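[1] Show me the folded form of this:
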Amino acid sequence: MIKQFVPEVACLKCQGCCRFKEIDSVWTPCLLEEEVQDLLDKDIPAAYINMQRKIQPVPNPKGEGFLCAFLENQSNKCKIYNLRPFECQLYPFLINLRNKKVVLTVDLNCPYIKEAINKKEFKEYAEYLAAYLNSKEQLEMLMDNPQIIQAYEDVTDLIELKFPDAPK
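    Below you'll find the model as predicted:
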(Lines give C-alpha, C1' and ligand atoms only; values in the text may rest on other atoms or scores of the structure.)
Protein backbone atom coordinates (compact mmCIF):
# COMPACT_ATOMS: atom_id res chain seq x y z
CA MET A 1 0.00 0.00 0.00
CA ILE A 2 1.10 3.52 -0.75
CA LYS A 3 1.41 5.89 2.20
CA GLN A 4 -1.56 8.26 1.94
CA PHE A 5 -1.23 12.05 1.85
CA VAL A 6 -4.84 13.23 1.97
CA PRO A 7 -6.43 12.53 5.37
CA GLU A 8 -9.53 10.33 5.41
CA VAL A 9 -11.65 13.09 6.97
CA ALA A 10 -10.88 15.38 3.99
CA CYS A 11 -11.82 12.64 1.52
CA LEU A 12 -15.10 11.82 3.23
CA LYS A 13 -16.19 15.48 3.08
CA CYS A 14 -15.31 15.86 -0.59
CA GLN A 15 -17.74 15.15 -3.41
CA GLY A 16 -15.09 15.20 -6.16
CA CYS A 17 -13.23 12.02 -6.93
CA CYS A 18 -15.01 8.77 -7.78
CA ARG A 19 -17.48 10.81 -9.83
CA PHE A 20 -17.32 11.24 -13.60
CA LYS A 21 -19.06 13.38 -16.21
CA GLU A 22 -18.84 10.71 -18.91
CA ILE A 23 -19.06 6.95 -18.70
CA ASP A 24 -15.74 6.63 -20.57
CA SER A 25 -13.87 9.31 -18.62
CA VAL A 26 -10.07 9.22 -18.51
CA TRP A 27 -10.52 9.71 -14.74
CA THR A 28 -12.08 6.28 -14.15
CA PRO A 29 -9.46 4.15 -12.40
CA CYS A 30 -7.40 1.72 -14.43
CA LEU A 31 -6.59 -1.63 -12.91
CA LEU A 32 -3.32 -3.49 -12.84
CA GLU A 33 -3.44 -7.03 -14.26
CA GLU A 34 -3.23 -8.55 -10.78
CA GLU A 35 -5.93 -6.22 -9.45
CA VAL A 36 -8.40 -7.47 -12.04
CA GLN A 37 -7.81 -11.04 -10.90
CA ASP A 38 -7.87 -10.08 -7.18
CA LEU A 39 -11.26 -8.41 -7.59
CA LEU A 40 -12.68 -11.33 -9.55
CA ASP A 41 -11.33 -13.73 -6.90
CA LYS A 42 -13.21 -11.70 -4.25
CA ASP A 43 -16.49 -12.25 -6.16
CA ILE A 44 -16.63 -8.71 -7.54
CA PRO A 45 -18.93 -8.93 -10.59
CA ALA A 46 -16.99 -8.92 -13.85
CA ALA A 47 -19.45 -6.29 -15.13
CA TYR A 48 -17.68 -3.77 -12.84
CA ILE A 49 -14.52 -4.08 -14.97
CA ASN A 50 -14.56 -3.02 -18.62
CA MET A 51 -12.45 -4.32 -21.50
CA GLN A 52 -9.85 -1.58 -21.01
CA ARG A 53 -9.25 -2.83 -17.44
CA LYS A 54 -11.00 0.17 -15.98
CA ILE A 55 -13.66 0.24 -13.30
CA GLN A 56 -16.98 0.53 -15.13
CA PRO A 57 -18.87 3.57 -13.76
CA VAL A 58 -22.56 3.34 -12.91
CA PRO A 59 -25.21 6.06 -13.37
CA ASN A 60 -25.38 8.50 -10.46
CA PRO A 61 -28.71 7.82 -8.71
CA LYS A 62 -28.73 11.40 -7.38
CA GLY A 63 -28.44 13.15 -10.72
CA GLU A 64 -26.12 13.70 -13.65
CA GLY A 65 -22.99 11.78 -14.46
CA PHE A 66 -21.58 8.54 -13.17
CA LEU A 67 -20.04 7.10 -10.02
CA CYS A 68 -17.38 4.52 -9.38
CA ALA A 69 -19.16 1.20 -9.01
CA PHE A 70 -17.49 0.85 -5.60
CA LEU A 71 -18.50 4.22 -4.13
CA GLU A 72 -21.16 4.04 -1.41
CA ASN A 73 -22.98 7.23 -2.31
CA GLN A 74 -24.64 7.82 1.10
CA SER A 75 -21.49 7.51 3.22
CA ASN A 76 -19.03 8.61 0.48
CA LYS A 77 -16.91 5.55 1.38
CA CYS A 78 -15.26 3.00 -0.86
CA LYS A 79 -16.85 -0.45 -0.64
CA ILE A 80 -13.50 -2.08 -1.46
CA TYR A 81 -11.21 0.31 0.44
CA ASN A 82 -8.82 -2.43 1.59
CA LEU A 83 -8.64 -3.74 -2.01
CA ARG A 84 -8.73 -0.38 -3.75
CA PRO A 85 -6.68 -0.23 -6.92
CA PHE A 86 -3.19 1.24 -7.15
CA GLU A 87 -4.52 4.24 -9.05
CA CYS A 88 -7.05 4.95 -6.29
CA GLN A 89 -4.33 4.70 -3.65
CA LEU A 90 -2.25 7.16 -5.67
CA TYR A 91 -4.98 9.78 -6.25
CA PRO A 92 -4.90 12.85 -6.28
CA PHE A 93 -1.47 12.08 -7.66
CA LEU A 94 -1.48 10.62 -11.17
CA ILE A 95 0.97 9.07 -13.58
CA ASN A 96 0.72 11.09 -16.73
CA LEU A 97 2.04 10.75 -20.26
CA ARG A 98 3.25 14.18 -21.32
CA ASN A 99 5.27 14.76 -24.51
CA LYS A 100 6.46 11.13 -24.55
CA LYS A 101 7.63 11.46 -20.94
CA VAL A 102 6.12 9.81 -17.87
CA VAL A 103 5.44 12.42 -15.22
CA LEU A 104 4.07 12.35 -11.69
CA THR A 105 1.29 14.94 -11.63
CA VAL A 106 -1.31 16.11 -9.15
CA ASP A 107 -4.98 16.99 -9.61
CA LEU A 108 -5.61 20.48 -8.23
CA ASN A 109 -9.35 19.79 -8.20
CA CYS A 110 -8.74 18.02 -4.88
CA PRO A 111 -9.60 20.66 -2.24
CA TYR A 112 -7.02 19.30 0.20
CA ILE A 113 -4.25 19.56 -2.39
CA LYS A 114 -5.22 23.16 -3.19
CA GLU A 115 -4.60 23.98 0.48
CA ALA A 116 -1.42 21.89 0.85
CA ILE A 117 0.48 22.35 -2.42
CA ASN A 118 2.80 25.04 -1.10
CA LYS A 119 3.53 23.31 2.20
CA LYS A 120 6.71 21.45 3.13
CA GLU A 121 4.70 18.24 3.74
CA PHE A 122 3.44 18.28 0.15
CA LYS A 123 6.95 18.60 -1.27
CA GLU A 124 8.21 15.82 1.01
CA TYR A 125 5.34 13.54 0.00
CA ALA A 126 5.86 14.22 -3.73
CA GLU A 127 9.54 13.31 -3.29
CA TYR A 128 8.58 10.13 -1.37
CA LEU A 129 6.12 9.17 -4.11
CA ALA A 130 8.61 9.85 -6.92
CA ALA A 131 11.25 7.72 -5.15
CA TYR A 132 8.67 4.95 -4.66
CA LEU A 133 7.55 5.07 -8.30
CA ASN A 134 11.15 5.21 -9.52
CA SER A 135 12.03 2.01 -7.69
CA LYS A 136 12.93 -0.92 -9.94
CA GLU A 137 9.85 -2.89 -8.79
CA GLN A 138 7.41 -0.05 -9.45
CA LEU A 139 8.93 0.89 -12.81
CA GLU A 140 8.58 -2.75 -13.89
CA MET A 141 4.97 -2.73 -12.69
CA LEU A 142 4.29 0.40 -14.77
CA MET A 143 5.95 -1.08 -17.85
CA ASP A 144 3.82 -4.22 -17.42
CA ASN A 145 0.67 -2.10 -17.02
CA PRO A 146 0.87 0.79 -19.52
CA GLN A 147 -2.88 1.39 -19.13
CA ILE A 148 -2.04 3.13 -15.82
CA ILE A 149 -0.20 5.88 -17.70
CA GLN A 150 -2.87 8.26 -18.97
CA ALA A 151 -2.97 11.62 -20.72
CA TYR A 152 -4.75 13.65 -18.06
CA GLU A 153 -5.57 17.28 -18.72
CA ASP A 154 -5.76 20.09 -16.17
CA VAL A 155 -3.19 18.58 -13.81
CA THR A 156 0.04 20.03 -12.47
CA ASP A 157 3.31 18.35 -13.39
CA LEU A 158 5.56 17.57 -10.43
CA ILE A 159 8.42 15.21 -11.23
CA GLU A 160 9.47 13.30 -14.35
CA LEU A 161 9.79 9.58 -13.61
CA LYS A 162 12.83 7.60 -14.74
CA PHE A 163 10.76 5.55 -17.13
CA PRO A 164 13.13 3.75 -19.52
CA ASP A 165 10.95 4.01 -22.61
CA ALA A 166 7.70 5.94 -22.36
CA PRO A 167 4.67 4.39 -24.07
CA LYS A 168 3.71 6.05 -27.33
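[2] all helices of this structure, in order?
    For the chain, the helices defined by DSSP state H cover 8-13, 33-41, 86-90, 111-116, 120-133, 136-144.
[3] Most tightly packed of these?
    Mean neighbours per residue, mean count of other CB atoms under 10 Å, is largest over the helices of the chain for helix 86-90, with a mean of 20. Backbone N, C-alpha and C define where each C-beta goes, glycine included.
[4] what sits up against it?
    1-2, 4, 29-32, 35, 78, 94, 129, 141, 148 (CB atoms under 8 Å, 6 or more residues apart in numbering).
[5] Now, of these, which are buried?
    P29, C30, L31, L32, E35, C78, L94, L129, M141, I148 (16 or more other CB atoms under 10 Å).
[6] Grab the two from the residues you listed that are most spread out in space.
    C78 and M141 (21.5 Å; CB to CB).
[7] the strands in this structure, which residues?
    Taking DSSP state E as the test, the strands found in the chain are 19-20, 58-59, 66-67, 71-72, 77-78, 93-98, 101-106, 156-160.
[8] Tell me the helices and strands packed up against the fifth one.
    Spelled out, that is strand 77-78. Here strand 77-78 touches strand 71-72, going by 3 or more CB pairs under 8 Å, 6 or more residues apart in numbering; DSSP states H and E.
[9] Can you spell out which helices and strands pack onto the strand it packs on?
    Strand 71-72 is packed against strand 77-78, with contacts defined by 3+ CB pairs under 8 Å, 6+ apart.
[10] Pairing partners for the strand it packs on, with directions?
    With DSSP bridges as the test, strand 77-78 is paired with strand 71-72 (antiparallel).
[11] ok, residues contacting the partner strand?
    C18, R19, K77, C78, K79.
[12] That one: how far from the chain's middle?
    From the chain centre to the centre of strand 71-72 is a distance of 16 Å (CA atoms, centre = their mean, to the nearest Å).
[13] re earlier: would you list the helices of the chain in a markdown table and tack on distance to G63 and mean pLDDT?
    Below are the helices of the chain laid out as a markdown table (distance: least, CB to CB, whole Å; pLDDT from 0 to 100):
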| stretch | distance to G63 | mean pLDDT |
| --- | --- | --- |
| helix 8-13 | 19 | 90 |
| helix 33-41 | 27 | 91 |
| helix 86-90 | 23 | 95 |
| helix 111-116 | 20 | 94 |
| helix 120-133 | 33 | 96 |
| helix 136-144 | 36 | 92 |
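[14] got a winner among the contacts of strand 71-72 for most neighbours?
    Neighbour counts for the contacts of strand 71-72, by other CB atoms under 10 Å, peak at C18, which reaches 25 neighbours.
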